[in-house]
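**Q** structure for this input, please:
(one chain, ligands or ions: 2)
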Amino acid sequence: MLGRVNHIAIAVPILEEAAAIYRDTLGAKVSAPQSLPEHGVTVVFVELPNTKIELLEPLDDLSPIAAFLQRNPAGGIHHICYETPDINAAAEKLQAVGARVLGDGTPKIGAHGKPVLFLHPKDFNGTLIELEEV
Ligand SMILES: CC[C@H](C(=O)O)C(=O)SCCNC(=O)CCNC(=O)[C@H](O)C(C)(C)COP(=O)(O)OP(=O)(O)OC[C@H]1O[C@@H](n2cnc3c(N)ncnc32)[C@H](O)[C@@H]1OP(=O)(O)O
Ligand SMILES: [Co+2]
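**A** Ligands and ions are numbered 1, 2, ... in the order given. Okay, here's the model as predicted:
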């Protein structure tokens, strides 16, 4: 079911400040911001040799990451995204063993234009997991 780590996401209060740390202090290549209204966030990707860091800022108070940032005002690691070859088969298999697929259980299109799903953190050692079909 699981392929490569596609990205590790960090929720941040101010995206431009966080992007500048990775670009200027850490010398990394950082993409331009992408607003994703259907996901309630604006994101940038930090390109690394073996994976990416996704920096996430809430679009508004209704964002799914708003409560996370209220709990963690300075920001923090938000989710891990694993690649999977067949996201619907993965969802079916996970639901069959009682794992919670968030939302209505059908994949949405993520920041890379690929289908994504999220799995409840309480079912995976307190870690929010995103699956991206690649
Ligand atoms: C898809 C576009 C882009 C991409 O990569 O392509 C993205 O990644 S967009 C990312 C933003 N979208 C999402 O995160 C969608 C999925 N997330 C959610 O639906 C919510 O964030 C949810 C349900 C995971 C958490 O909702 P909320 O923060 O409102 O809190 P709850 O009270 O419902 O939380 C229940 C329980 O889980 C703990 N929690 C919450 N978030 C996380 C987290 N990121 N990591 C670990 N644990 C988390 C929270 O503390 C609660 O625990 P409790 O012990 O009951 O207090
Ligand atoms: Co993500």
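
**Q** for the lengthiest strand in the chain, packing partners?
**A** Of all the segments of type strand in the chain, defined by DSSP state E, the longest one is strand 76-84. In terms of contacts (3 or more Cβ pairs under 8 Å, 6 or more residues apart in numbering; DSSP states H and E), strand 76-84 is packed against strand 5-11, strand 128-133. (Each C-beta comes from the backbone N, C-alpha and C, glycine too.)

**Q** parallel or antiparallel, list what pairs with that strand.
**A** Strand 76-84 has its sheet partners listed here by DSSP bridges as strand 5-11 (antiparallel), strand 128-133 (parallel).

**Q** one step back: turn the helices and strands packed on strand 76-84 into a markdown table, including distance to F45.
**A** A markdown table is the format used below for these (distance: least, Cβ to Cβ, whole Å):
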| stretch | distance to F45 |
| --- | --- |
| strand 5-11 | 7 |
| strand 128-133 | 13 |
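
**Q** which one of these lies closest to A99?
**A** strand 128-133 (9.3 Å; Cβ to Cβ).

**Q** now the closest one: how far from the chain's centre is it?
**A** 7 Å (Cα atoms, centre = their mean, to the nearest Å).

**Q** please see if it touches ligand 1.
**A** Yes. Judged by Cβ under 6 Å from any ligand atom, strand 128-133 comes into contact with ligand 1 at L128, E130.

**Q** what about that strand, average pLDDT?
**A** Mean per-residue pLDDT for strand 128-133: 98.

**Q** how about G40, what does it touch?
**A** Residues near G40 by Cβ atoms under 8 Å, 6 or more residues apart in numbering: P58, L59, D60, L62, S63, P64, I65, A66.

**Q** narrow those to those that are buried.
**A** Buried by 16 or more other Cβ atoms under 10 Å: P58, L59, S63, P64, I65, out of the contacts of G40.

**Q** pretty sure the third one is in contact with V43, am I right?
**A** No. Here S63 lies out of contact with V43, judged by Cβ atoms under 8 Å, at a distance of 11.5 Å.
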